[in-house]
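K.L.:
Here is the input, now give the coordinates:
(one chain, ligands or ions: 1)
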Amino acid sequence: MLTTIPYIILRVDLLVNIGRRGYIACIFFSINEGSFFLPLFAKIALGVVLGLRLDDPKEKLSLLSRGAEYDVLSPQGSFKKPTYPGICRVFARDGKCLSVLKTLFTNYCENHCAYCVNRAQNDMPRVTFGPEEFAKLAYDLYRKGAIDGIFLSSGVLKDPDHTMELMIRAVKILRNNYGFKGYLHLKVLPGASEDLMREAVTLADRVSLNIEFTEETSFKLFTPEKRIDGLLADTIKLSRIVREARERGFKGKVGQSTQIIVGATGESDLSVLKTSLWLYRELEVSRVYYSAYVKVNADAPSPLGPFFPSLRERRLYQADFLIRLYGFALEEILPQGKSFLDRDIDPKLSWALRNLHLFPLEVTKASYEELLRVPGIGPKSAKRIVEERGKVPLSLEVLKGFGVVVERARSFITIKGRYFGDRAFPSIKWERLEAGIQLSLL
Ligand code: SF4
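P.N.:
Now for the predicted structure:
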């Protein structure tokens, strides 16, 4: 019997390619007499079906893209495109909508991070792409115009170097053999060797290594294999490699990003923003993404913090934008004694309400920097006001045309001395301002 089983499986495989998993499944079902009271042919059929399903690249992609759900590739989030598994729509900085294939290379993982669906102890179907298989699948989608770029992350198969080698092999085939010219965001696994990091930087448009948390206590609670020191050392190493690549003039735009989980532990917004500032200033990291903690494992700790992680994520993006693009200092956003951002109003409005002596601001005379501090006025609209105010008479309508969110700005400005805000200012209901269009995240 034991010689007949492999023979039958081999014959079946000649007819339909059931792959490695099909073999394993067939043998498992066939010899597992105790658990499955089925005739032999039914067990083999079961193995073939399972093998076919799991070895189908589209099936794999469907599983692996679900595993990459919590990897952030845009502050606005990504929107699923229903036509094919793993394809998301994201908005680039210039407002362009891009289709990106977002997936894991494998959902096998040696690690036990409590915030992750792919952790080792979770009982779930596990699959891995082969390098050629992934390259072919991704290139086919690119050639057909279904995707503009790829975001490739991964669990840890055996060890970080082994997994990175496979990912890099896939990406090399994609770039060198198929001539893929699209956008490529490649995750660098913590603990990967410097040589592999270097290869990743030469192949990708963006590399990212997640630092996950900002305090050691959070790591102890959530991930036995990761330590803040190790992750920061890897992040520093990667940023040096990225800087060297930029200095050599190699792909001047290669960027580095990272991701911080928000609301899983008691880490304050102050702690998160201080870390982000250090990453931007010292390591020249292009973007820090914030990811609201979602309890995906029943035995994982519940969210902690003053309010919902998803709202904290939004507030942190707003604060991050104010610091990077609007010239705010961290101390202005979180003054002495304040560790968390406000729940009910955004950080810019919060700052304006603490500094009412600076308002209302006369828009016909204010500088660009002063205009940027008005709730409802962003970099684009401030620039338009400064450029156009000598040429056209300003009014609320004209400001609206420049992109000002007038409902938010009217209580903080005057136009030629005329005030358009609520006379009860500043005791009006601020929620009404908050309900207007949020600070642009583009
Ligand atoms: S190492 Fe990555 S994939 Fe593995 S359990 Fe941790 S977060 Fe999940």
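K.L.:
in what helix or strand does the closest residue to Val127 other than its chain neighbours lie?
P.N.:
Nearest residue to Val127, sequence neighbours excluded (C-beta to C-beta, 6 or more residues apart in numbering): Lys60, at 4.7 Å. Bear in mind the C-beta positions are built from the backbone N, C-alpha and C, glycine included. Using DSSP states H and E, the element containing Lys60 is helix 57-67.
K.L.:
What lies in contact with that helix?
P.N.:
53-54, 84-86, 101-107, 117-118, 125, 127, 129, 133, 136-137, 155 (C-beta atoms under 8 Å, 6 or more residues apart in numbering).
K.L.:
Go again with 6 Å.
P.N.:
With C-beta atoms under 6 Å, 6 or more residues apart in numbering as the test, helix 57-67 has contacts from 53, 85-86, 103-104, 107, 118, 127, 133, 137.
K.L.:
same deal with stretch 220-231?
P.N.:
Here stretch 220-231 makes contact (C-beta under 6 Å, 6+ apart) with 111-115, 190, 211, 216, 219, 265.
K.L.:
Show me these that map onto helices.
P.N.:
Secondary structure assignment by DSSP state H places 216, 219 of the contacts of stretch 220-231 in helices.
K.L.:
from the contacts of stretch 220-231, which are also near the ligand?
P.N.:
By C-beta under 6 Å from any ligand atom, the members of these lying near the ligand are 111, 113.
K.L.:
quick check, nearest of the contacts of stretch 220-231 to Gly401?
P.N.:
Ile211 (42.2 Å; C-beta to C-beta).
K.L.:
Any chance of the backbone angles for the closest one?
P.N.:
When read as degrees, to the nearest 10, the backbone of Ile211 gives phi -90, psi -10.
K.L.:
per-residue confidence for it?
P.N.:
The model reports Ile211 with a pLDDT of 96.
K.L.:
Buried residues, stretch 346-354. List them.
P.N.:
By 16 or more other C-beta atoms under 10 Å, the buried positions in stretch 346-354 come out as 346-353.
K.L.:
Adding secondary structure and distance to the ligand, write the residues you listed out as CSV.
P.N.:
Shown next, in CSV, are the buried residues of stretch 346-354 (DSSP: H, G, I helix; E, B strand; the rest coil; distance: C-beta to the nearest ligand atom, whole Å):
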residue, secondary structure, distance to the ligand
Asp346, coil, 30
Pro347, helix, 29
Lys348, helix, 33
Leu349, helix, 35
Ser350, helix, 33
Trp351, helix, 35
Ala352, helix, 39
Leu353, helix, 39
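K.L.:
would CSV of those with pLDDT be doable?
P.N.:
Shown next, in CSV, are those (pLDDT from 0 to 100):
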residue, pLDDT
Asp346, 95
Pro347, 97
Lys348, 97
Leu349, 95
Ser350, 96
Trp351, 97
Ala352, 96
Leu353, 93
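K.L.:
Closest to Lys237 out of the residues you listed?
P.N.:
Nearest to Lys237 out of the buried residues of stretch 346-354 is Pro347 (C-beta to C-beta; 32.5 Å).
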